[in-house]
Structures are given as C-alpha cells and as structure tokens.
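A.B. asks: Quick one: sequence plus predicted model below, questions after.
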Amino acid sequence: MQHLRGVLLMCSFLVQCQSASIAVPTLIKQTHDLSLLLQSQTSSLLRSYLQAMGRPFSDPDFSLPGMQLEGLPQASVPYLAWRRLGHQERLADNYRAYSLYGEFLQLVLDDLQALGLRPGPGTLWDQLAFAKVQTEGLRSNAGSLLGALRYPLPVVGDPLDPAAYGHADFERKVRGYLVCRGYRDWINRTVRDFQLLSYYFPA
Amino acid sequence: MLGSASYLCHILVMATIFLLIPAGAEIFRAKDVLYGRIGTDITLMCNAANDRIIQWKVNGTLVALTNVTKVQHGNLVLLVANLPVEGNYSCYDKTGRLLHWIQLKLGHPPSKPLVHCKASNFYRISCSWKKNQEAAFPTSYIATYRAPSSKVLNCPTDLLNNICQIDNPQIFASLPYVINITAINPVGYRTTLLEIVAMEIVQPDPPANLTAEPVFGSPRRIKVQWDYPPSWGERFELKFILEYKLQQNHFWSRLETKMKAEIITDAIAAQLYVIRVKAKDSFDNGKWSDWSSEVLVMTSSETSTESIQTTVTTLMTDFVHTYSQPTEPTFSPTSILSTTGSDVLDRDIVVLISVTVSVGISIAVATFLLWIRRKRQESDKNGILTKKALPLC
C-alpha cells in the first residue's frame, strides 16, 4: 500500500513537471484514472473517520442533513446543468474545488492533531494526508489542462484562516465529517467529469 | 255567500302554504353526508334547540335506543359504530316535523400507499403509487418531495396516472431525495416516505433493435447487433452482457462488452440459437436492465473446408461401425472416430478385444516362427557333415 502510494506520488509529481509537454488527451486520461483510484478509497475514508470520532458519528445511519460548511465546495448539481458545462467551466470547477479541498483537508489534519489523533502508518491521519496530496495533483492537472486549452486560471480566494473556525472538539469533528463527505461527492463528480472530457478528447 | 266562500278559500290556501312551506324547504335542502370511521363513536347533530324533544329515525324506522345508541341533547350518539348502522338518518320534533336529514357512511382510513420509483436515465425520476382499489370513500393524494438541498417541493403530479416526476435530479449529492406520498380520505390519512438516490436507482430500459445473423461461410460464427435504449442519454456510456445458448439447452454462455455489436465464435453449425442482451451504466451505478426480448438465429450449415473434414470423419466412422469385427486386428478405430454418443462403450469393447486378439496372434505367429527356426537349426546340425549349411534369414 505504501509502495503504491509512493508510485502515485511520483506519477502525480512527474505529471506536474511535464504538464507543458503532455498532450491534452493523455492528461485527461491520466486524471480520469487517478480519480477512479481515489474513488475506490473515499467511502472507506469516510467510514474510518466516523469510526474514529466515536458516538454519535459512529452510529449506523449517521448523517447531518441540511448541514453545510461555509466555503466548502459542494458537488451536487442538477443533471442538465452539469451536462451542459463547457470545458472551461468544467475544468475551472474542478480546479477551484480541489484548491479549496486541499486547504480544508489540511484544516481537518490540524483538527485531528488537536483531538489527539497521531500520524502513523495505516491511521486515519495517514489516509487524510494521502488524500490531501492527491487533491493537489488533481488541482494541478486541471490547471495544466486549462493552460493547454488557453483558458485563464480561475482566481481562488484567500487561504483559509484556521482562527475563523471554532475550536470545540465537537465542532472539529463535525467539520471533519462534512469535509470527508464533500470530498467523496466531489471525487464522484470528477470521475464523471473526466469521463465526459475523454469523449471530447479521445486518447 | 261568495264573499265568505272566497274568504274560507283564502284561509285554506294560506294555511296549507303556511304548513307546507317549512316541510317543502326541508325537501329542497341539500342532503348532508357524514363520513364516520368504523370502530369510533359518532355523533349525529340535529341542528335544533336543546329543549326540543327529538325523535330519530333511520331509513324511515324509529331508532332503537340501546346501550350503544343514545340520544344526548337531541343528538344521536352511536358508540363503536360498525357497518350495519350506515343509513339515512332523520330527526323530528315532537310534532313530527322533519328537522334534519343526514346520510351516514362508514369506512376505514386509507391504506398505506405503495410507492415505487424508477429512473430509466439520469435526468428523470418517476415515482408512482397504486390507487386504493377497495375504497368506498373518495381518496385523494398529496405528493411532495424533499431535495438533497433540504427544500420541500410539490411534485408536478399527474393525478390521473398517479405519477410524481422529478426532472433533472441533483446528482453527486450527499443526501437522498425523500418522496412523500400521503393518501387522504374523509376519515383519515396515511403517509409513505421513500428515500432515493438518483445514481443508485437508475435502471436502463433493455437494449433495443437486437438482431442476430449467421456469418455465411463461417458456420461457427454469429453476428449480433443492438442499440442503446432510446430513453438513455447519449453521454453516459453503457456496458452490456450478451447471452446465447442452443435452443434446447438450459445453460447460457455469456459475453461482456461495451460495444454495440459482437461476434460469437464458438457456435455449432446448423443449429438454432437463442440470444439476449442486457445493459447497465458502465460505472456500475444503478441496476442491470431487464433482458431484451430474445432473438432466434440459425447458424449456417457447413460448406467450407472445415466442413469437408467433418464429412470425411463421419463417413469413416460409419464404415468402421458397419464393418469392424471383434477379431479384426488391423483397424484402430480410436484414431478416426470423434463423435459423442451412446456407442462409446461398445466401441471401447471392440477396441479392447481387437487389440488383445492382435497381440495374441502376433505372439502366436512369433512363437511359431521361432519354433520353425529351431527345428531347422536342429536338422542342419544333424546334416552338417553330409550337406553344406544354408544360412537362414
């Protein structure tokens, strides 16, 4: 598992380095494959998180309907609106989403340390750290594709200010849950975004 | 004379009118219907002042007062009502004047609606429910749903067909849609809540236009083609499972593909095959479609070199069967025969006997030759002084 992660990190790093010279169809396919791999892990990440937080998060059927974290990108979109997105918008949405998820995942990692969960192989902290690195890869790929297609890079707001978020244990836990859940939904969306793009840019 | 007669006439007419009008007014008033729930206490109101003595009649006969049927303050109270007490009730004052008329109908609240949602693609979810068949009472339905955004919306209902449609559902949402179908009749209501996730309930319609053709010149091949179902959107890819079998067999062979056409390469020549296809979203979201309707196809018969070899084999098989004897040592049938069937056992016995006999005969012949050789050697030895020895091969 560690070895695979290392390989993936290398790949995403190489992709970032060579983005200028990689053809658009190839980069789209690579990003699609990466998102498929991440998709296979997001459900277990969410489950691990809920288990680690204890009750009531670890209760079966736990969910917080109607609750959202301010500033966290939501993947939910009506079918037709999603279907009609142009390439620029589609890529820009992914770029913005993963820029923000990188920061939110860092926030959750800080929260986990504050809650006393330590880094270590196979731990929740490790899984989240891996997810965070991958979001950087996804963001970078989306940025490269925007550049290759001559679209401007979207402007992402100021970095998150950790001080702006509450410090109570329960608040931290809720935050982490919302981030992991939103991350899962966004990866589901990215898988289909890049599948769609691969129709337009066949490798 | 005339004056008094007309005066009397006037009085009579006035009196009749005075007496009849209230009763007439009762006759022209609209009938009240009261719906009551079976098993509950029902109070029939008389709409009269409390101090009047009231008489109640049901369907024209006087109501029998029992411990479950009472008159309280002029109102009729029926305790724990059941079906036999249904009827037309009327109340009268002590002079026999009709005060009020009520029709009492009894029934149960509606049963829980049976709701079923389906989606043939990613852009419309259709939920339908069964109308309550046995309802004696008019039942109406309210259909609403809560979107993942937590907003509650009315379904654009097709009340005649009992269908609630959600167009353009949210996808990639954290939370499911919750459909609320409430059945209401005059004596109660029941609600059914159903949670659905668009990506999970999607089930394509079966593939369309399935065709199968034998490939001429290749009797072991069948060319199969089909289309996406028309209800599916273009940009979500489908994957397919194709199944085929000989018509008389029970077990299907299976091929998985993402294409819209496939060639079966292991068919048997000149046989009738049954073929069917089903579809699913290529990312495994949702469920497999139902099987398409089955298509029958006859593979082409043999005319190629493949088939000539088969013919020779068949001929040789027939020959061996007809002419081989158990003592015949020179045929080895196993190298020629390739048919399956019930004569395998017989053939094996024939082979065994032939081989054994050939071996036996060979041994006998070899022994005989050796014996002759020895005999010659002996006679040569005897005649070696008198004759020249001839070399034996």
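C.D. replies: Here it is on my side, so go on. Keep in mind the model is a prediction, meaning the values are calculated, not measured. Numbers count the residues shown, from 1 in each chain, chains lettered A, B, ... in the order given.

A.B. asks: so where does B:Ile142 fall, helix or strand?
C.D. replies: Under DSSP states H and E, the secondary-structure element containing B:Ile142 is strand B:140-146.

A.B. asks: and the following helix or strand past that strand, what other elements does it pack with?
C.D. replies: Later in the chain than strand B:140-146, the nearest helix or strand by DSSP H and E is strand B:152-154. With contacts taken as 3 or more Cβ pairs under 8 Å, 6 or more residues apart in numbering or on different chains; DSSP states H and E, strand B:152-154 sits against strand B:140-146. No exception for glycine: its C-beta is placed from N, CA and C like everyone else's.

A.B. asks: what's near enough to touch residue 78?
C.D. replies: Just so you know, I chose chain A. B:168-171 (Cβ atoms under 8 Å, 6 or more residues apart in numbering or on different chains).

A.B. asks: You answered for a different chain; I wanted chain B.
C.D. replies: B:36, B:41-44, B:68-69, B:85.

A.B. asks: Among those, which one lies nearest to chain A?
C.D. replies: Nearest to chain A among the contacts of B:Leu78: B:Gly36, at 39.5 Å, using Cβ to the nearest Cβ.

A.B. asks: Let me know the helix or strand that A:Gln106 is in.
C.D. replies: Applying DSSP H and E, one finds A:Gln106 within helix A:87-114.

A.B. asks: Who are the packing partners of that helix?
C.D. replies: Looks like helix A:87-114 contacts helix A:124-148, helix A:169-200 (3+ Cβ pairs under 8 Å, 6+ apart).

A.B. asks: and the angle from it to helix A:169-200?
C.D. replies: Angle of helix A:87-114 versus helix A:169-200, following axes from the mean of the first three to the mean of the last three Cα atoms, to 10 degrees, is 150 degrees.

A.B. asks: burial count for A:Ser58?
C.D. replies: If you count neighbours by other Cβ atoms under 10 Å in any protein chain shown, A:Ser58 ends up with 13.

A.B. asks: which SS state does it fall under?
C.D. replies: Assigned state for A:Ser58: coil (three-state reduction, DSSP: H, G, I helix; E, B strand; the rest coil).

A.B. asks: B:Ile184 too?
C.D. replies: Classification of B:Ile184 by three-state DSSP places it in strand.

A.B. asks: Show me which positions of the strand holding B:Ile142 end up buried.
C.D. replies: B:141, B:143, B:145-146 (16 or more other Cβ atoms under 10 Å in any protein chain shown).

A.B. asks: Give me the mean pLDDT for the helix holding A:Gln106.
C.D. replies: Over the span of helix A:87-114, the pLDDT mean works out to 94.

A.B. asks: closest to chain A among the buried residues of strand B:140-146?
C.D. replies: For the buried residues of strand B:140-146, the closest approach to chain A (Cβ to the nearest Cβ) belongs to B:Arg146, at 8.5 Å.

A.B. asks: what about the residue nearest to the closest one when sequence neighbours are not counted, how many residues close to it?
C.D. replies: Nearest residue to B:Arg146 in three dimensions, chain neighbours excluded: B:Val178, at 4.4 Å (Cβ to Cβ, 6 or more residues apart in numbering or on different chains). As a burial measure, B:Val178 scores 17 neighbours (other Cβ under 10 Å).

A.B. asks: residue contacts, B:Val178?
C.D. replies: Going by Cβ under 8 Å, 6+ apart, the list of residues near B:Val178 reads B:145-146, B:193-196.

A.B. asks: can you list the residues of chain A near chain B?
C.D. replies: Residues of chain A lying near chain B by Cβ under 8 Å from any Cβ of the partner chain: A:63, A:65-66, A:75-83, A:181-182, A:185-186, A:188-189, A:191-192, A:195-196, A:199.

A.B. asks: mind redoing it with 7 Å?
C.D. replies: Proximity of chain A to chain B, by Cβ under 7 Å from any Cβ of the partner chain, involves residues A:63, A:65-66, A:75-80, A:82-83, A:181, A:185, A:188-189, A:196, A:199.

A.B. asks: Of the residues you listed, grab the buried ones for PyMOL.
C.D. replies: To isolate the buried members of those in PyMOL, using 16+ other Cβ under 10 Å:
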select buried, chain A and resi 75+76+77+79+82+83+181+185+188+189+196
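
A.B. asks: what's the burial count for B:Arg110?
C.D. replies: Quick fix: residue B:110 reads Pro, not Arg. Counted with other Cβ under 10 Å, residues neighbouring B:Pro110 total 20.

A.B. asks: before we move on, what about A:Tyr151?
C.D. replies: The number of residues near A:Tyr151, taken as other Cβ under 10 Å, comes to 17.

A.B. asks: And the one 10 residues further on, by the same measure?
C.D. replies: Residue neighbour count, defined by other Cβ under 10 Å, stands at 8 for A:Asp161.

A.B. asks: any idea of the pLDDT on it?
C.D. replies: 78.

A.B. asks: what's the helix or strand for the residue of the stretch 201-350 of chain B at minimum distance from chain A?
C.D. replies: The nearest approach of the stretch 201-350 of chain B to chain A comes at B:Arg235, 6.1 Å away (Cβ to the nearest Cβ). Using DSSP H and E, B:Arg235 is not contained in any helix or strand.

A.B. asks: That one: how many residues sit nearby?
C.D. replies: 12.

A.B. asks: Verify the stated contact: it with A:Leu196.
C.D. replies: Yes - proximity of B:Arg235 to A:Leu196 meets the contact threshold set by Cβ atoms under 7 Å, at 6.1 Å.

A.B. asks: what are the ranges of the helices in chain B?
C.D. replies: In chain B, the segments counted as helices under DSSP state H are B:2-28, B:198-201, B:305-323, B:344-382.

A.B. asks: among those helices, where is the model least confident on average?
C.D. replies: Among the helices of chain B, helix B:2-28 scores lowest, at a mean of 56.

A.B. asks: where does chain B have low pLDDT?
C.D. replies: Flagging of chain B using pLDDT under 70 yields the residue ranges B:1-7, B:9-31, B:48-52, B:133-135, B:157-160, B:303-347, B:380-393.

A.B. asks: scratch that, chain A
C.D. replies: If you take pLDDT under 70 as the line, chain A has these spans: A:1-21.

A.B. asks: repeat that with 50
C.D. replies: Where chain A drops to pLDDT under 50, the residues are A:18-20.

A.B. asks: Need the nearest residue in space to the residue nearest the centre of chain B, chain neighbours excluded.
C.D. replies: Centroid-nearest residue in chain B, with Cα atoms, centre = their mean: B:Asp290, separated by 8.8 Å. Using Cβ to Cβ, 6+ apart and skipping the chain neighbours, the partner closest in space to B:Asp290 is B:Pro206 (5.1 Å).

A.B. asks: What is the burial count for that neighbour?
C.D. replies: 18.

A.B. asks: near chain A, which residues of chain B show up?
C.D. replies: So far as Cβ under 7 Å from any Cβ goes, chain B lies against chain A at B:122-123, B:148, B:150, B:168-175, B:235.

A.B. asks: Is it possible to get TSV of those residues that adds distance to B:Ile268?
C.D. replies: Output for the residues of chain B next to chain A, formatted as TSV (distance: Cβ to Cβ, whole Å):
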residue	distance to B:Ile268
B:Phe122	41
B:Tyr123	44
B:Pro148	53
B:Ser150	60
B:Asn168	50
B:Pro169	47
B:Gln170	51
B:Ile171	46
B:Phe172	48
B:Ala173	51
B:Ser174	53
B:Leu175	53
B:Arg235	40
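
A.B. asks: Check which residues of the helix or strand harbouring A:Ser44 are buried.
C.D. replies: Secondary-structure element containing A:Ser44, defined by DSSP H and E: helix A:24-53. The neighbour-count check on helix A:24-53 (16+ other Cβ under 10 Å) flags A:24, A:27-32, A:34-35, A:38-39, A:41-42, A:45-46, A:48-50, A:52-53 as buried.
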